[in-house]
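J.: below are the sequence and a predicted model for it; my questions follow.
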Amino acid sequence: MNAPVPVRDLRLALVGNPNSGKTALFNALTGGRAKVANYAGVTVERKEGFLTSPAGRKVSVLDLPGTYSLRARSPDEEVTRDVVLGQRAGESPPDLLVCVADATNLRLVLRLILELKQTGQPAVLALNMIDIAQRQGIDIDIPALSRELGMPVVTTVATRKRGIEDLLAAIDTLADAKAEHGVSAWHAPSAKEIRDSHREAERIIKIAVLPPKRPDTWTGKIDDVLLHPVSGILILLAILFLMFQAVFSWATPAMDMISGAFEWLSAQVVHYVPDGMLQSLLANGVISGVGSVLVFLPQIMILFFFIILLEDFGYMARAAFLMDRIMGGAGLHGRAFIPLLSSFACAIPGIMSARVIDQKRDRLTTIMVAPLMTCSARIPVYTLIISAFIPRRQVWGFINLQGLVMLGLYVAGAVSALAVAFVFRKIFWRGAAEPFIMELPAYKMPDAKNVARNVLLRAQIFLNRAGTIILSMMVLIWFLSTVPFKPAGAPGPAIDYSFAGMIGHWLQPLLAPIGFNWQMAVALVPGMAAREVAVGALATVYAIGDGQPGQLATTLSNRWSLPTALSFLAWYIFAPQCASTLAVVKRETNAWRWPIIMFVYMIALAYIAALITFQVASRF
Amino acid sequence: MNVQWRQLDQPQEIAAPAAGLIRLSDARRGDRGVVIAVSPAGINGVGSAESEELERRLLEIGFVEGAKVEILHEGFIGRDPIAVRLDDMRVALRRREAQGVLITLSAE
């Protein structure tokens, strides 16, 4: 990931408030081709792009996380502060700051710029979204603003690539002048100093900016509906319903196509490569491993499509507002809502989208409970057990008992996620309540190109970051379930002779109190690949061939007792039977500590829940 | 759910000394006013280190003396959090944090 970077003539860093169109300006400057990685040692996204200036300079542009102040409070804002101050280890300090301002909302960014000036860095101000400001009749005296701030000011409309040449010209001029880096006089401002800088910003606004003649009334009107206690909630539910529908139904054809293609590929390998280790590694390890990574991609892209669209429109902050009280009850931030919701599809995009939460603790808590939400990979397991053991009958006249059990499993997942979040806060971060103070940005029409570019970027990040580690986990699990081979002529399924079989047999006494037999214990090992793999693994240990879907349910209902089946369901509500999730948690938290804690607490909950279920059910 | 902050509606519960001053946390939907002071010190359940931090965060998002405020929306559970028009922008915050902002209500 750290390929040698060619020497750059000029390093720019984009700084501004959140929602100022910084990312759109980054895309306009660099053509959207970004090199995305993490900053060393933290999981803050580092986005860098390149361009050649009109004067022929090779320029690198760094898109810094949005902030209201250099006095950092979240990991993202710490990065912004450290880069601007040239104190970030492994980062060359920028030669020039490009301050990005939403021209319709100048007050807070002017205050930030006054702080940035104290760092002594040469800077230029890009007044972005100037078209919207002009439409609202906001009159900005550019020369006066430039004089008062002591820096060049240019106007831009990043989404339409307007004003980019002017900005680059101003950057070249500043670079030609070899603007001196002053000595930084910046220190974390006290409350008094923040008040003083507000006053100074107010003075500059009085001189240079005339208030809007036709202020934006749309945002207010839309909010009257979207934040209304009744219609707001109904619309939120409708949006969620649509998202779910999309994730489950739109993604299915693409997912079927991907898994079909990989099955075909695997069959080709089996056909052309002679039997043995190599064939098994290629067909069952590598190809099905790559397939199991790619199969997530449609869901992830659809989910991020909605998330990015709603974020760009300005709705995400509203959803956080509506859900804050409910999430807050569990000690979570309102913004945790979307990641947890995404986890109903798959915990992996859920955990990845926890980046929208800027407070480190809130983000960690959200990541830690996300896998408790009932993901779509649990559905095949639940469906199998329910169809085998729960009678298809009506209760209270109209409710389908099987459906009721399914709903109960979903509710159990969601309730336990909130409960665990609550306990996590109590154990790890006692007494620390993060304040919930959040700007509600003006609504904006999302830019189609920008949305498409960001969805592709998310897909690319998923494949780069998660893909490699998921793939290696898959190969490991293949190895465990395949080696050593079954001796020729030996009875029973092949998996019984593998390491997975040994682990399963070794685990079985531990699992006896929760009613698991050795076949189940063996199936749990390959089942670490993904939850739905348990179905196939059970079919393997009971030696049931493919293409007999009904037969596994029949076999299970003959071989398992009802308490065992219920215990298995309880196990699957909690158990961390998904190596990919643990791998992504490692990536997102940048430490082994958190996936280990996650694995341990989820196993413990699964065991306890299954134990209680089995012991209670056995009494009847 | 409303009990906790409704108690603050009672004049004797308000720590602010001057008449006509209320905490932003006690304002209701439609109330307008001007920020008179930002001082979270001494409010319920907020330690001194936290209150100093909260003061700066409120200031940084634009709750500064002289700023115009209007309560635009209230959450549907316990009327919390609140959405506030703050000069030219909109800010959402919990009533707990809003306790740190003292405002004078202007005539309707």
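T.: Perfect, I can see it now.

J.: for A:Gly182, helix, strand, or coil?
T.: Three-state call for A:Gly182 (DSSP: H, G, I helix; E, B strand; the rest coil): coil.

J.: OK, contacts around it?
T.: A:119-121 (CB atoms under 8 Å, 6 or more residues apart in numbering or on different chains). All C-beta spots, glycine's among them, are computed from the backbone N, C-alpha and C.

J.: quick check: residues of the stretch 151-300 of chain A near chain B?
T.: Applying CB under 8 Å from any CB of the partner chain, we find that the stretch 151-300 of chain A lies next to chain B at A:189-191, A:194-195, A:198, A:202, A:211-212, A:215, A:219-220, A:223, A:227-230, A:232-233.

J.: if residue 38 is in a bridge, with which residues?
T.: No chain was given, so I picked chain A. Counting by DSSP bridges, A:Asn38 is bridged to A:Glu45.

J.: um, chain B though
T.: For B:Val38, the beta-bridge partners under DSSP bridges are B:Val101.

J.: so what's the residue count around A:Gly21?
T.: 26 (other CB atoms under 10 Å in any protein chain shown).

J.: heading C-terminal from the longest helix that chain B contains, find the next helix or strand.
T.: Ranked by residue count and defined by DSSP state H, the top helix of chain B is helix B:48-60. Remark: after helix B:48-60, the chain's next helix or strand is strand B:68-77, criterion DSSP states H and E.

J.: only alpha carbons, please: show that next one as CSV.
T.: Output of strand B:68-77 as CSV, limited to C-alpha atoms (Å, rounded to 0.1, in the frame of the first residue of the first chain):
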residue,chain,number,x,y,z
LYS,B,68,-30.3,34.5,17.4
VAL,B,69,-32.0,31.2,18.2
GLU,B,70,-35.4,29.7,17.4
ILE,B,71,-36.6,26.2,18.4
LEU,B,72,-37.7,24.6,15.1
HIS,B,73,-38.4,21.0,16.1
GLU,B,74,-38.6,18.7,19.1
GLY,B,75,-37.9,15.0,19.2
PHE,B,76,-40.9,12.7,19.5
ILE,B,77,-39.9,11.0,22.7
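
J.: related to what we said a few turns ago, make a ChimeraX selection of the buried ones in the residues of the stretch 151-300 of chain A next to chain B.
T.: In ChimeraX, a selection of the buried entries from these looks like this (16 or more other CB atoms under 10 Å in any protein chain shown):
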select /A:189,191,194,195,198,202,212,219,223,227,232
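
J.: inside helices: which ones of the residues of the stretch 151-300 of chain A next to chain B?
T.: Those of those mapping onto helices are A:191, A:194-195, A:198, A:202, A:219-220, A:223, A:232-233, per DSSP H.

J.: doesn't B:Val91 fall inside a strand?
T.: Yes: checked against three-state DSSP, B:Val91 lies within a strand.

J.: you'd agree it is up against A:Leu440?
T.: Yes: applying CB atoms under 8 Å as the test, B:Val91 and A:Leu440 come out as touching, 6.5 Å apart.

J.: what sits against the closest residue to A:Leu556 other than its chain neighbours?
T.: Once flanking residues are discounted, A:Leu556 sits nearest to A:Ala388: 4.7 Å by CB to CB, 6 or more residues apart in numbering or on different chains. For A:Ala388, the contact set (CB under 8 Å, 6+ apart) comprises A:553-554, A:556-557, A:560, A:565.

J.: okay, the most centrally placed residue in chain B: pLDDT?
T.: Closest residue to the average C-alpha location of chain B: B:Leu24 at 2.1 Å, with CA atoms, centre = their mean. As predicted, B:Leu24 sits at a pLDDT of 95.

J.: quick one, what contacts it?
T.: By CB under 8 Å, 6+ apart, the contact set of B:Leu24 is B:35, B:63, B:69, B:82, B:84, B:98-103.

J.: pull the number of nearby residues for the nearest residue to B:Ser48 once chain neighbours are set aside.
T.: Spatial nearest neighbour of B:Ser48, excluding adjacent residues (CB to CB, 6+ apart): B:Ala41 at 6.9 Å. Neighbour count of B:Ala41, defined by other CB under 10 Å: 11.

J.: what's the answer for A:Ser342, then?
T.: Neighbour tally, A:Ser342, other CB under 10 Å: 28.

J.: ok, now how distant is it from A:Ile367?
T.: Note on A:Ser342: its distance to A:Ile367, by CB to CB, to the nearest Å, is 12 Å.

J.: one step back: now the contacts of A:Ala388: which count as buried?
T.: Restricting the contacts of A:Ala388 to buried positions leaves A:553, A:556, A:560, A:565, with burial counted as 16+ other CB under 10 Å.

J.: test my guess that the last one contacts A:Phe389.
T.: Yes: with contact taken as CB under 8 Å, A:Ala565 and A:Phe389 are classed as touching, separated by 4.2 Å.

J.: which residues are common contacts for the two?
T.: Joint contacts of A:Ala565 and A:Phe389 (CB under 8 Å, 6+ apart) are A:Leu556.

J.: and the residue of the stretch 251-400 of chain A found nearest chain B, what element?
T.: Nearest residue of the stretch 251-400 of chain A to chain B, counting by CB to the nearest CB: A:Arg325, 4.2 Å away. If you go by DSSP H and E, A:Arg325 is part of helix A:315-329.

J.: go on, B:Ile22?
T.: If you go by DSSP H and E, B:Ile22 is part of strand B:21-23.

J.: within its sheet, name the partner strands of that strand and how each one runs.
T.: Partners of strand B:21-23 in the sheet, by DSSP bridges, are strand B:101-105 (antiparallel).

J.: and the partner strand, average pLDDT?
T.: For strand B:101-105, the mean pLDDT works out to 94.

J.: tell me the angle that strand makes with helix B:48-60.
T.: Counting by axes from the mean of the first three to the mean of the last three CA atoms, to 10 degrees, strand B:101-105 points 50 degrees away from the direction of helix B:48-60.

J.: returning to what we had before: hang on, the residue nearest to B:Ser48 in a strand?
T.: No: assigned with three-state DSSP, B:Ala41 falls outside any strand and is coil.

J.: which residues touch it?
T.: B:48, B:51-52, B:55.

J.: nearest to chain A, of the residues you listed?
T.: Using CB to the nearest CB, B:Glu55 comes nearest to chain A of the contacts of B:Ala41, at 5.0 Å.

J.: got the contact list for the closest one?
T.: A:191, B:38-41, B:100.

J.: same list (these) but as JSON lines, adding distance to A:Ala177.
T.: Below are those laid out as JSON lines (distance: CB to CB, whole Å):
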{"residue": "A:Ala191", "distance to A:Ala177": "36"}
{"residue": "B:Val38", "distance to A:Ala177": "40"}
{"residue": "B:Ser39", "distance to A:Ala177": "45"}
{"residue": "B:Pro40", "distance to A:Ala177": "45"}
{"residue": "B:Ala41", "distance to A:Ala177": "47"}
{"residue": "B:Gly100", "distance to A:Ala177": "45"}
